[in-house]
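Chemist: here are the coordinates; sequence isn't available:
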């Protein structure tokens, strides 16, 4: 049985051919909470953008990169981009190498 939050370094390839070299096991409910946090962050940044019309570049870049990839479970795996991985790492507080492509293995 796989343990939640276990980190492994087995390679996997996403549907678009990107190579991912770091894997984190997550329960589906944990992933859904993280996904909700991302959607809330995107909504906050969009609201801030509408009010100020000129976001600081880092906020604007974060908005673009957080919403760039859909966070769908594909055959038990999720392939986020680096910005999303760094965002998830803030909540998970794991020792992830955020400069590596990280994918999530959804476990029961």
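Modeler: Structure received. Everything quoted here is computed from the prediction, not taken from an experiment. Residues are numbered from 1 along each chain as shown.
Chemist: I'd say residue 76 and residue 105 touch.
Modeler: Yes. At 6.5 Å, residue 76 and residue 105 qualify as touching, with contact defined as CB atoms under 8 Å. Where you see a C-beta, it was placed from the backbone N, CA and C, and this is true even at glycine.
Chemist: Residue 107 is in contact with residue 29, isn't it?
Modeler: No. Taking contacts as CB under 8 Å, residue 107 lies outside contact range of residue 29: 10.8 Å.
Chemist: More neighbours: the two, which one.
Modeler: Between residue 107 and residue 29, residue 107 has the larger neighbour count (other CB atoms under 10 Å), namely 16 against 10.
Chemist: Not counting residues beside it along the chain, what's closest to that one?
Modeler: residue 2 (4.7 Å; CB to CB, 6 or more residues apart in numbering).
Chemist: follow-up on the earlier one: so residue 76 and residue 105 - more neighbours on which side?
Modeler: residue 105 (16 against 11).
Chemist: which helices and strands does the helix or strand harbouring residue 30 pack with?
Modeler: According to DSSP states H and E, residue 30 maps onto helix 28-52. When contacts are defined as 3 or more CB pairs under 8 Å, 6 or more residues apart in numbering; DSSP states H and E, helix 28-52 sits against helix 57-66, helix 82-92, strand 102-107.
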